[in-house]
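Asker: Sequence first, then the predicted structure:
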Amino acid sequence: MTYIPICNLEDIPVLGARRYRRADGKVIAIFRNAEDRVFALHDRCPHRGGPLSQGIVFGESVACPLHNWCITLNDGCAVAPDTGTVERFPVRVVAGQVELDPAAGIATELACAAE
Amino acid sequence: MQKMKLVVVGNGMAGMRTVEELLKLAPALYDITVFGAEPHPNYNRILLSPVLAGEQTIDDIVLNTRAWYDENGIRLRTGQAIVKIDRRAREVIAADGTRESYDRLLLATGSNPFILPLPGKDLQGVLTYRDIADTQAMIAAAATHKQAVVIGGGLLGLEAANGLKLRGMEVTVVHVMPWLMERQLDRTAAGLLQKSLEDKGLAFRLEAHSEALLGDDAGRAGHVRAVKLKSGEEIPAQLVVMAVGIRPNTALAESAGLHCNRGLVVNDTMQTYDPRIYAVGECVSHRGIAYGLVAPLFEQAKVCANHLAQFGIGRYTGSQISTKLKVTGVDLFSAGNFAGGTGCEDIVLSDPGAGVYKKLVLKDDKLIGAVMIGDTIDGAWYFKLIRDGSSVGALRDRLMFGEANLGDTGHQGQNRAAAMADSAEVCGCNGVCKGTIVKTIQDQGLFTLDEVRKHTKASSSCGSCTGLVEQILMATAGGDYSEAPKKKSMCGCTDRTHQEVRDAIRAQHLTSIPAVQAFLEWRTPNGCATCRPALNYYLLSTWPKEAIDDPQSRFINERSHANIQKDGTYSVVPRMWGGETNSGELRRIAHVVDKFKIPTVKVTGGQRLDLLGVKKEDLPAVWKELDMPSGHAYAKALRTVKTCVGSEWCRFGTQDSTRMGQELERALWRMYAPHKVKLAVSGCPRNCAESGIKDVGVIGVDSGWEIYVAGNGGIKTEVAQFFAKVKTHTEVLEYSGAFLQLYREEGWYLERTVHYVNRVGLDHCKARVVDDAANRKALWERLQFALDGEPDPWHEPDKARVDLKQFALVGA
């Protein structure tokens, strides 16, 4: 794992998100929930590719801004009955700093299979 | 830890639906055993009629295969009737003597067909119509015998008669009442129904009392040969089907000493008088009613599962029910109080030649019942109006012609799903074809409209194809689709309605989202994407200058002050007062388009320019360089005031509509509302600004201005209704502003003015704005107070609490 610091926790609003762009152009959304937990997902809804970073965050989910699909933040799975999965990235908070490993994407088809 | 043991007695639709709901909530809580008296896994009893009619097979109607029980770790004991419950030992005892102990017991024993105590009722060939065995016996009889009599002209009797006829029998329906389906239809509708069934070859004897069933061998219990009526007539029949009603099957419960009264009595959590024992379905009596239709049973199942799962949320408070007849080629719909009575009024459309009859029953300006035959596309809509209990006064003169008459678009004017090909598009918003819906209903075992919406997205956007989707659902699954709650909760986070939330915010002086959620006992820690924007709006509109805006509870467009597009870029629409611009603005727009490489510039329907394809990072700079006010094209707020050129230039113009429009726009811009608000001002009745389809439409006439409200040019074209006639510009501002403030204070979030006015009634709005001058002035002042000093988010982002950091990327 190669974590890199990307911003302060305080730079992400509570129940909000920020965007990080990799060198290859892929955008990763970093979410912060009400308990100050952070989550990182590919900024792309499995439905029609909507930018999840722009959705409304609630509980541990985000609602895609385009067609209101709900995605669970900790596993990247669409909430049933919708199906699909978003690539996740390791992210953590160290001393108020948000650190991301943008190279270690985890695409888990299996995690979402069990409804 | 040892799992608790749940025993389910009854392997039918209600019992298994409860188990399914329970597995969703608490998959590992119970060790489940299911006893079914029939030898089959759970099947869709409603679809026995299509099976009898040869339109479906038994395999088609199985809901839960044996593999499903295995996969979910449920022990299924079919062909195993439970004969006794030992409540003290907490055991059930099966017919073969096996015992099974329980921690929780769910009784779903359904109902039994009522058998008339006629001489000869035990003859061979005398059947009831209840389960697969009955259906198979009827199919077998139809293959070897020629004549059948169905006793009972209700829903089930007619479906049986139709099925037997299709299998080649001569069928006579004997009914004791003066007309068919007297519990669902009035006399006229029943007459039409009878005629269309007679055209299919069925024969009827009405007001006919069966006296005896005659056997072919008088001495012994032989085979039935005829039905003898009290009139003396003998109708030859080798098959007699009794379909005269059902009785809740409470024998087991009664033998266990559970309180029964025309059904096993349960409370609102579906619990019987023994706290360990729950009951659902047709065996149950809830608040004195035993339901025999599928939708109420499923609602009961949901509530019961919630309590079995130890969540303890939710009450079943009864259902409104509607009926459709499953006879292919006969369209019939009935709901609510169709018979009318004191204080009721009927609106009737009768076209016997075309086989169409519709009756709507109104009371106190509300729709309380409907009967339709021949044309039932609007059944779902009427049923919704009945359930919502909203005022239909404003629709009254058009009500009979249905929802489509109110301007329906998106499905090629189709109104009969049966006539559509599988490849035909049903939902124009989400591109869903009929075949996809049918397949999903079958594959996923769906029963309610809500489920179909979730799985297919059909009718989940604009909703104009709802009637079609329901027809497909009815034809495919036989389900009806009523979502029960007469009061519709705001979202899954709460049982409160929009109105209850609004009332609480005002009465309790609540000024923040967490305060509302705490006071009204929200079930989720911080709401969801549905309730948070609504709460944010209610707080801001109820307590202006006091409640603080929460950007994270706004939809992205209102958070970034631009419209998100399908590729994640944004569109920017600067404000052009009354649709008027000048060379300076156009030069700046051209410069911005070049500098930021904006790919598309589009003239909008609201008389301004839309810059499409702007990158989020560029938004603040684009706003700054445009140096024009925000057009709020992204907000639930005042959008545009469309104007014609008016008397300044037009040779027909009677009033200066452009100036009037600009005055309105300057007075009302930055006004957030429950939904978007569009205005128009025309300078003469030729109405070039299309004032007739706007939230507020103003039309200049020689003697002053006419104000129309609650028009809409969207999904359903709604013509605005006349509101007031005034003389001066100041009056136009005051009346329009007061109406909009009333809407802002009373409207529900995402409710357009047309729906708001339909809900509260135009008279309500007139009484508060037109007739009551003091109240009008107070409303107008409250609106001005709310708008005074409101910032333009593009140019005063700090004051507007715009989160400026959102535009940049992090870690760059």
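Answerer: Received it, and whenever you're ready, just let me know what you need.

Asker: Contact distance from chain B - what residues of chain A qualify?
Answerer: When proximity is defined by C-beta under 8 Å from any C-beta of the partner chain, chain A lies next to chain B at A:4-7, A:11-16, A:18-21, A:27, A:30, A:34, A:48-51, A:54-59, A:61, A:63, A:65-66, A:68, A:70, A:81, A:98, A:100. From N, CA and C alone the C-beta is placed, and that goes for glycine too.

Asker: From the residues you listed, keep the buried residues only.
Answerer: Among the residues of chain A next to chain B, the ones that count as buried by 16 or more other C-beta atoms under 10 Å in any protein chain shown are A:6-7, A:11-13, A:15-16, A:18-21, A:27, A:30, A:50-51, A:54-59, A:61, A:63, A:65-66, A:68, A:70, A:98, A:100.

Asker: can you count the residues close to whichever residue of the stretch 701-812 of chain B sits closest to chain A?
Answerer: Of all residues in the stretch 701-812 of chain B, B:G811 sits closest to chain A, at 3.3 Å by C-beta to the nearest C-beta. Look at B:G811: counted by other C-beta atoms under 10 Å in any protein chain shown, it has 19 neighbours.

Asker: list the contacts for it?
Answerer: Residues in contact with B:G811 (C-beta atoms under 8 Å, 6 or more residues apart in numbering or on different chains) are A:4-7, A:20, A:100.

Asker: hmm, 10 Å instead?
Answerer: B:G811 sits next to A:4-7, A:11, A:18-22, A:28, A:30, A:98-100, A:102 when contact means C-beta atoms under 10 Å, 6 or more residues apart in numbering or on different chains.

Asker: again, but for B:C684
Answerer: Contacts for B:C684 (C-beta under 10 Å, 6+ apart) come out as B:644, B:646-647, B:650, B:652-655, B:657, B:699-702.

Asker: between these, which is closest to chain A?
Answerer: Relative to chain A, the closest of the contacts of B:C684 is B:C644; by C-beta to the nearest C-beta it sits at 35.6 Å.

Asker: Hmm, B:G579 and that closest one touching each other?
Answerer: Yes: the pair B:C644 and B:G579 qualifies as a contact (C-beta atoms under 10 Å) at a distance of 9.1 Å.

Asker: and the gap between B:F114 and B:C491?
Answerer: Taking C-beta to C-beta, to the nearest Å as the measure, B:F114 falls 43 Å from B:C491.

Asker: Those two: who's more crowded?
Answerer: Using other C-beta under 10 Å, the more surrounded residue of B:F114 and B:C491 is B:C491, with 18 against 14.

Asker: residues contacting the residue nearest to the spatial centre of chain A?
Answerer: Most central residue of chain A, judged by C-alpha distance to the mean C-alpha position with C-alpha atoms, centre = their mean, is A:L41 at 2.8 Å. By C-beta under 10 Å, 6+ apart, A:L41 lies in contact with A:17, A:28-31, A:52-53, A:62, A:71-76, A:85-89, A:91, A:105.

Asker: Any regions of chain A where pLDDT drops low?
Answerer: Residue ranges of chain A with pLDDT under 70: A:108-115.

Asker: do that again at 50, thanks
Answerer: Within chain A, the stretches with pLDDT under 50 are A:113-115.

Asker: which residue ranges form the strands in it?
Answerer: Ranges of strands in chain A, per DSSP state E, are A:4-8, A:16-21, A:27-32, A:38-42, A:56-58, A:61-63, A:70-72, A:88-89, A:91-94, A:97-100.
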